[in-house]
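Visitor: could you look at this predicted model? Sequence included:
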Amino acid sequence: MMGVLLKAFTALLLPNLCTSFLVGNKLKRNFAVEDSLSYSSQIYSSSSTSESEDQSPSNGIYTSGIHHTAIRTKDIESSIKFYSLLSFEVEDKYLIGGQVKAAWLQNKSTKLELIEVPEHVLGAPKELVRAADQMAKMNLLGLNHICLDVTESIRARQGMKLSRGSGGLNQWFVENENEDEDKNNNSESCAGSRQVDDYERNAEYGLQDWLLDLEDESKRNFGKTLRIALEPTSRTIGMNVYDIAYLYDPDGALVEVLNYVTSVKEGSIGTSWEVMMDDDFISMLKQKSS
């Protein structure tokens, strides 16, 4: 009987593939972060969409976005608590094969599937079992982590924090409301000034501060501290500069959190695999703000 259950459990779980992705939060245009679901929304727009606006491939074979990411866990209740800190709420609970606990979790635009692996399938007491450490074992191939965009949350908390002050960085939030209208008319010096503003705002309240607030919430609600796999660091990708950090979930799976910081001047860098130092750009911003 156990062999049959194990076979059924394996067959059901193997098709569940995870992937690294950015949560498609809809940010203001001047944040330079595209909505990752824009292509999908075009496909599922009104049937009156003209042929010239149809973005689907001519052969009709395409995907319209990531539906969900599946994560195996040894304790589904602990995982639900952890991901609730990251704005995921339980949408549905169900059983796979009448035996295995599973749940759909949903946040603003992303779905997770949690699947609890029974202890007899783990082959050891669940307290002794963890996911392979993707940070420590760099030779592991295949799917690596999920990535959640926390830019919108950090922007909101910057506004809450800075609104209590006066002048200085607060002025950015007032002026920024009208920036979109004049975006195409900005001079090179204005673009440089915005980069300095972006840096200053994130120096005042950035990803590190957000993680500290997240840990406070975890301690307050669940009595748990966060396990940090990688402390916040800056990374330049294309023309955008991000702050990123990695967390371990309760089973040791990697969760990246990403905060968009600023964009470099269009055409100043290209998309390539040539060596580029993130610190050089950050140092330039610091010099301009001093």
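Guide: In hand now; what should we look at? Only a predicted model underlies this, so the values are computations on that prediction, with no experimental measurement involved.
Visitor: when you work out contacts or count neighbours from here on, use the C-alpha atoms and nothing else.
Guide: Will do.
Visitor: number of residues surrounding the nearest residue to Tyr242 once chain neighbours are set aside?
Guide: Sequence neighbours aside, Tyr260 is the residue nearest to Tyr242 in space, at 4.5 Å (criterion: CA to CA, 6 or more residues apart in numbering). Tyr260 has 26 neighbouring residues, counting by other CA atoms under 10 Å.
Visitor: tell me the mean pLDDT for stretch 79-97?
Guide: The average pLDDT within stretch 79-97 is 96.
Visitor: picking up where we left off before, that's a helix at the residue nearest to Tyr242, yeah?
Guide: No - Tyr260 is assigned strand when assessed by DSSP: H, G, I helix; E, B strand; the rest coil, not a helix.
Visitor: isn't it up against Asn240?
Guide: Yes - when contacts are counted by CA atoms under 8 Å, Tyr260 is listed as touching Asn240 (7.4 Å).
Visitor: show me the shaky parts of the chain.
Guide: 1-58, 161-192, 266-272, 274-290 (pLDDT under 70).
Visitor: which residues in it form strands?
Guide: Per DSSP state E, the chain carries strands over the ranges 69-73, 89-96, 100-106, 111-116, 145-149, 227-237, 240-248, 254-263.
Visitor: tell me which of the ones you listed lies nearest to Met135.
Guide: Nearest of these to Met135, taken as CA to CA: strand 227-237 at 7.0 Å.
Visitor: what does the closest one rub up against?
Guide: Residues from elsewhere that reach strand 227-237 (CA atoms under 8 Å, 6 or more residues apart in numbering): 135, 207-208, 241-249, 254, 278-279.
Visitor: neighbouring strands - and their directions - for that strand?
Guide: strand 240-248 (antiparallel) (DSSP bridges).
Visitor: follow-up on the earlier one: okay, the strands of the chain in TSV with distance to Ser193 next?
Guide: Shown next, in TSV, are the strands of the chain (distance: least, CA to CA, whole Å):
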stretch	distance to Ser193
strand 69-73	39
strand 89-96	39
strand 100-106	38
strand 111-116	38
strand 145-149	25
strand 227-237	19
strand 240-248	15
strand 254-263	11
